[in-house]
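J.: show me how the following folds:
(chains A and B)
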Number of protein chains: 2
Amino acid sequence: MTDYTLRPIGRVESPLTERAAAPRQPDEGAPGAWLVFDDRYAPALDGLAPGTDVLLLTWLDRADRDTLTVHPRGDAARPLTGVLATRAPDRPNPIGLHTVRILAVAGTRVRVGALEALDATPVLDVKPLLTPDR
Amino acid sequence: MTDYTLRPIGRVESPLTERAAAPRQPDEGAPGAWLVFDDRYAPALDGLAPGTDVLLLTWLDRADRDTLTVHPRGDAARPLTGVLATRAPDRPNPIGLHTVRILAVAGTRVRVGALEALDATPVLDVKPLLTPDR
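T.: Model (predicted):
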């Protein structure tokens, strides 16, 4: 199969710097963060509105892409499970998917609420939430 | 910023073959499809359960990655909007995000319900739905 090239459009600025300290889900105590976009993508941000929830796609650049099975949530008591049936960051294409609330937009800097991504994580995309489950 | 390499883990088999004919959302008449995974990723599928809804991530390989603004839903009467505030397929990193129901798992072939992706679309990842909005 053909490979494809991801070109990050920005990065996360967050007080989270160590994977071991990062919460697994945003409701487990994640801090707010900035999304800092490259200037060339400024037109793509037009329409992002404070107060709305969006889907943020990131590249989990510290993930192990060769991992195919894991113990869910790192709990050795839980049986090995295929990574596609888990939210483990270690997976063949470690794309992070986060629902975040936009708090402010300042040029190409976007302030968001609770985000469990590490500082400097590459940002790939932002998408509006269409319906409650998408 | 550093680029990254996506390695598709499978592809979509669908009766949809033309972008112009593809529905924009699955509730607009999308057909069922097969997800056909490369054999090497078989262990990663362990735990995918028929009857559950999952998030499917695809690479929209026919998208235009240089498009930064669009008229939402192709309607020229709607003002130009940054692609990050829309679900348009044309965007810098055209990752498709689809909520699909798993209907059956047969080895490395997974049958899913309504899916608006075109035939041969590369599959990047599958993730369980954690909560109604993620």
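J.: list the buried residues in the biggest strand by length in chain A.
T.: Ranked by residue count, the top strand of chain A under DSSP state E comes out as strand A:95-106. For strand A:95-106, a neighbour-count test (16 or more other C-beta atoms under 10 Å in any protein chain shown) marks A:95-102, A:105 as buried. C-betas here are computed from N, CA, C, even on glycine.
J.: gap between it and the chain center?
T.: Strand A:95-106 has its average C-alpha position 8 Å from the chain's average C-alpha position, going by C-alpha atoms, centre = their mean, to the nearest Å.
J.: which other helices and strands contact that strand?
T.: Counting by 3 or more C-beta pairs under 8 Å, 6 or more residues apart in numbering or on different chains; DSSP states H and E, the packing neighbours recorded for strand A:95-106 are strand A:53-59, strand A:109-112, strand B:53-59, strand B:122-128.
J.: out of the ones you listed, flag the one nearest A:Ala21.
T.: Minimum separation from A:Ala21 across those (C-beta to C-beta) falls at strand A:53-59, 17.2 Å.
J.: chain A: helices as residue ranges?
T.: In chain A, no helices are found when defined by DSSP state H.
J.: any low-confidence regions in it?
T.: Across chain A, the stretches falling below the confidence threshold (pLDDT under 70) are A:24-28, A:131-134.
J.: can you get me a residue count around the closest residue to A:Arg62 other than its chain neighbours?
T.: Residue nearest to A:Arg62 in three dimensions, not counting chain neighbours: A:Arg19, with 5.8 Å by C-beta to C-beta, 6 or more residues apart in numbering or on different chains. Residues near A:Arg19, counting by other C-beta atoms under 10 Å in any protein chain shown, number 11.
J.: what's the distance between A:Arg19 and A:Val70?
T.: The span separating A:Arg19 from A:Val70 equals 14 Å under the rule C-beta to C-beta, to the nearest Å.
J.: who is the closest residue to A:Arg87 other than its chain neighbours paired with across the strands?
T.: If you skip the residues right next to it in sequence, A:Arg87 has B:Lys127 as its closest partner in space, 5.9 Å away by C-beta to C-beta, 6+ apart. Per DSSP bridges, the residues bridged to B:Lys127 are B:Leu55.
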